[in-house]
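Enquirer: Sequence first, then the predicted structure:
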Amino acid sequence: MSGADLLAQAPVALFGLGGDLLLGERLGFLHPVLLMGRMATAVESVLRSSVPPRWLRPAGILLPVLLCGTFGGGSWLILRLVSHALGAGAAALLSVFWAIQLLAARSLSDHVLAVLAPLLSGDGEGARRALSRIVGRDTADLSENAIARGALESLWENANDAVVAPLFFLLLGGVPCLMVYKAASTLDSMVGYRNERYLRIGWASARLDDLLAFIPARLTFLLMFLFLVPFLPEGNASCRLWGRGSCLARGWRFRRAHPSPNSGYPIAAFAALRGIRLGGGARYFGQWVEKPPIGEGPEPTPVDLVAGLFLFRMFVFSLLVLLCFLVLFWWRSGG
């Protein structure tokens, strides 16, 4: 297999990420995630009404099987039919269209900016309302520092879930592979909770999402150190990558200080690079949930959120540059 074969999806990934940054959520026509959500709700409703409670746990396997199979297999079939009827160019354009819809770098940046803008202007209530749209914790009584902490944790957790992991699966197997990942991720956000309502029916969806995000989360961790150190302030101790007490070592030490087996990696990386402490307890549905801290240093402030959003944009820009090199290599290899 040639290098061109291995990187055949690089142009789709490049135009997909570039299109996402330019257009954001403007391409809402038959958005796959919206369709995934509707199908997941319908299947869950059917399972709850037709399966005895003691069988909900094995029946929960049907949710990811049906959703991932429908969207992964369905997109593969549609692309084959389009390619046969209209040519490979039309199939490539459809792939780029779907890639733009399924990548969410612009949306993530916009949602965090919607928290930052009122926070900097002193509108704490507006910042809390904006934060409630991107986190699951209760936000009504959060301080400025707690708002910044919640926004930063959401930003960097989703740097993997909404950007790196989709690009990874797009490069690995094209849009059908990307659809499978997004279906699993959508299911996890809907039914992957460890509470009485979802523990049995959502366990398979949650485990599949953990499995699929395993490699991308660790890749995000490494890429953050490779890409972001040049954008850190001069003289910052966090700039030192190697040796005892380096930011890489600190990030690695806190990578598992999160209930999720994957989310802690990018959060710990940012905490180490910035020299702050993230993680810790939060209130969910009125109940306090204790969690370990992630990182060492002071609590984040609104200034850290400004820095976090800037570094996220530099991270996405670096991914674009990397994709440009992959496309160049694909083209020189005979693509």
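Expert: That came through fine.
Enquirer: Name the spans of the stretch 151-300 of the chain whose pLDDT lies under the cut-off.
Expert: 234-245 (pLDDT under 70).
Enquirer: Let me see the mean pLDDT of the one helix or strand residue 42 maps to.
Expert: Under DSSP states H and E, the secondary-structure element containing residue 42 is helix 32-50. For helix 32-50, mean pLDDT is 95.
Enquirer: The stretch 1-150 of the chain: helices as residue ranges?
Expert: Counting by DSSP state H, counting those that start in this stretch, the stretch 1-150 of the chain has these helices, from start to end: 3-6, 10-23, 32-50, 56-59, 62-86, 88-102, 105-120, 124-132, 144-159.
Enquirer: And those helices: which comes nearest residue 311?
Expert: Ranking the helices of the stretch 1-150 of the chain by proximity to residue 311 (CB to CB) places helix 144-159 first, at 9.1 Å. For every residue, glycine as well, the C-beta is placed using N, CA and C.
Enquirer: Check which helices and strands the closest one is in contact with.
Expert: Applying 3 or more CB pairs under 8 Å, 6 or more residues apart in numbering; DSSP states H and E, one finds that helix 144-159 contacts helix 105-120, helix 124-132, helix 264-274, strand 278-279, helix 302-332.
Enquirer: Between helix 105-120 and that helix, find me the angle.
Expert: Here helix 144-159 runs at an angle of 180 degrees relative to helix 105-120 (axes from the mean of the first three to the mean of the last three CA atoms, to 10 degrees).
Enquirer: Any buried residues in the next helix or strand after helix 144-159, and which?
Expert: Next helix or strand after helix 144-159 toward the C-terminus (DSSP H and E): helix 165-191. Buried residues in helix 165-191, counted by 16 or more other CB atoms under 10 Å: 165-171, 173-191.
Enquirer: Roughly how far does residue 73 sit from residue 183?
Expert: From residue 73 over to residue 183 the distance is 11 Å, taken as CB to CB, to the nearest Å.
Enquirer: contact partners of stretch 30-47?
Expert: 28, 56, 59-60, 62-63, 66-67, 70-71, 75, 98, 101-102, 179, 182-183, 186-187, 190-191, 201 (CB atoms under 8 Å, 6 or more residues apart in numbering).
Enquirer: If we use 10 Å, what do you get?
Expert: Applying CB atoms under 10 Å, 6 or more residues apart in numbering, the external contacts of stretch 30-47 come out as 25, 28, 55-56, 59-60, 62-68, 70-71, 74-75, 97-98, 101-102, 104, 175, 178-179, 182-187, 189-191, 198, 201-202, 205.
Enquirer: So, low pLDDT: which residues of the stretch 1-150 of the chain?
Expert: Those would be 1-6, if you go by pLDDT under 70 across the stretch 1-150 of the chain.
Enquirer: Would you enumerate the residues in contact with the closest residue to residue 330 other than its chain neighbours?
Expert: Distance criterion CB to CB, 6 or more residues apart in numbering; nearest residue to residue 330, sequence neighbours excluded, is residue 7 at 3.9 Å. By CB under 10 Å, 6+ apart, the residues touching residue 7 are 13, 171, 323, 326, 327, 328, 329, 330, 331, 333, 335.
Enquirer: list the contacts for the nearest residue to residue 63 once chain neighbours are set aside?
Expert: Computed as CB to CB, 6+ apart, the closest residue to residue 63 that is not its neighbour in sequence is residue 205, at 5.3 Å. Neighbour list for residue 205: 40, 44, 60-61, 63-64, 67-68, 183-192, 198 [criterion: CB under 10 Å, 6+ apart].
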